[in-house]
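Enquirer: mind folding the following:
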Amino acid sequence: MNAAWVRARNEELDVLIATVVDRVDPARLHELERKPAGQEAWSAAMVLAHLGEFPRFFAGELRRFLADPAAPVGRTHEHPERLAAVAAASGRSYEQLRAGVTSAAAELAAVLRELDDHHLALPTNNRRYGPEPLAVFLDRYVIDHKREHADQLVPFGKETP
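Expert: Numbering: from 1, shown residues only. Have a look, this model is predicted:
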């Protein structure tokens, strides 16, 4: 993994997410996904709200880390901004949610342009997982995270004629 790979993979995922978001059926925006009993189910609106929040959050975390590698990074599932974004999804339109996804992706892509190969080996102080290289942090919170939520939106797609 190098900085160019991180940027390229992030861009690929942003294209994938844009494609999946374009296929979301606005009529199904607030329908909950089907999950086994006991697992948390999200609506497409909740996923879109999260996709409009978490890249922006992690852009800020990365920006702080690049300025000060000793700064702690990451968060838990109980983070107030995360919870507030998901909770506010029900009051937002498809267009608002889609615009949030697009702007958050652009903000993170801009910060990733500042990333150099040497940054990837730097140790982070992850609030949830403890010390780990920045490469592991980015893989978990950006690359894998985006892919998981793109996959989560697929069932909410419009039916093809």
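Enquirer: just the helices in this structure please.
Expert: Secondary structure of the chain, counting by DSSP state H: helices at 3-23, 44-51, 54-67, 80-87, 94-112, 117-120, 134-138, 145-153.
Enquirer: for Arg128, find the nearest of these.
Expert: Taking Cβ to Cβ, helix 134-138 is the member of the helices of the chain nearest to Arg128, at 10.0 Å. Quick note: C-beta positions are derived from backbone N, CA and C, even for glycine.
Enquirer: gap between the closest one and the chain center?
Expert: Offset of helix 134-138 from its chain centre (Cα atoms, centre = their mean, to the nearest Å): 14 Å.
Enquirer: ok so, going back, what's the least confident stretch among the helices of the chain?
Expert: Across those, helix 80-87 has the smallest mean pLDDT, namely a mean of 65.
Enquirer: on that earlier part again, distance to Asn126 and mean neighbour count for the helices of the chain - can I get that in CSV?
Expert: Shown next, in CSV, are the helices of the chain (distance: least, Cβ to Cβ, whole Å; neighbours: other Cβ atoms under 10 Å):
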stretch, distance to Asn126, mean neighbour count
helix 3-23, 17, 16
helix 44-51, 19, 26
helix 54-67, 10, 19
helix 80-87, 16, 14
helix 94-112, 17, 18
helix 117-120, 14, 15
helix 134-138, 6, 21
helix 145-153, 14, 17
